[in-house]
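*Asks:* Just to be clear, the model below is a prediction. Sequence and coordinates:
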Amino acid sequence: MNHYKDYQQIKFEINIFFDGILWRYEPLLQIKLEKTIPIFPPKNFHLFKPLVLLLPFLQQEVKPAFFYVYDDEIIGFFNLCTHIRVPLDLDDNRFFNVLGNIVCKVHGAQFCPKTGCVISGPARSPLFKIKIKNLSPENILTIEGFYRENFLQ
């Protein structure tokens, strides 16, 4: 069952190119949010549901991405485990375990909620992290592109 039909629908007229570090959106992706981006909670992480939007991905695909505020920074990742490229959440919009780590519900890989780096396998590559330029006072989210954290190290 595809629950993504309920997400904010966005039409994309955008190109994606890789500059050696970042898969860039050209022009920058600007999305008028209908909901606010929720703040990562101090407890009960496993019950937390971030904001989920559909975004352009590689090879002209559109994939869900999830967003939340963590340490006063907007964090976003594509909902795609890097182990075997399946959704992390199994369609329930819950991405975190009781420890507060992002977890893949298929094989149990855990990722850092701030960087997307692997904490424990079987995944070996970080999540695709969304590079956010800003959120305007009018609630317009501007996104530059996406990357994997290890490219920047």
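*Replies:* The structure has been received and is ready for your questions.
*Asks:* Contacts for stretch 107-121, please.
*Replies:* Here stretch 107-121 makes contact (CB atoms under 8 Å, 6 or more residues apart in numbering) with 40, 70-71, 73, 75, 77, 81-84, 96-97, 99-104, 122-129, 148-150. Where C-beta positions appear, they are placed from N, C-alpha and C, glycine not excepted.
*Asks:* same for the helix or strand hosting residue 17, what does it pack against?
*Replies:* Per DSSP states H and E, residue 17 falls inside strand 15-18. Using 3 or more CB pairs under 8 Å, 6 or more residues apart in numbering; DSSP states H and E, the elements in contact with strand 15-18 are strand 23-32.
*Asks:* Which among the contacts of stretch 107-121 count as buried?
*Replies:* The neighbour count (16 or more other CB atoms under 10 Å) marks 40, 75, 77, 81-83, 96, 100-104, 123, 125-129, 148-149 as buried among the contacts of stretch 107-121.
*Asks:* I'd like to know how far residue 18 sits from residue 34.
*Replies:* Residue 18 sits 30 Å away from residue 34, going by CB to CB, to the nearest Å.
*Asks:* same thing with residue 83?
*Replies:* From residue 83 to residue 34 the distance is 32 Å (CB to CB).
*Asks:* okay, which residue is most central for the chain?
*Replies:* Nearest to the geometric centre of the chain sits residue 77, at 1.7 Å (CA atoms, centre = their mean).
*Asks:* so how far is residue 13 from it?
*Replies:* Residue 77 sits 24 Å away from residue 13, taking CB to CB as the criterion.
*Asks:* All set, thanks.
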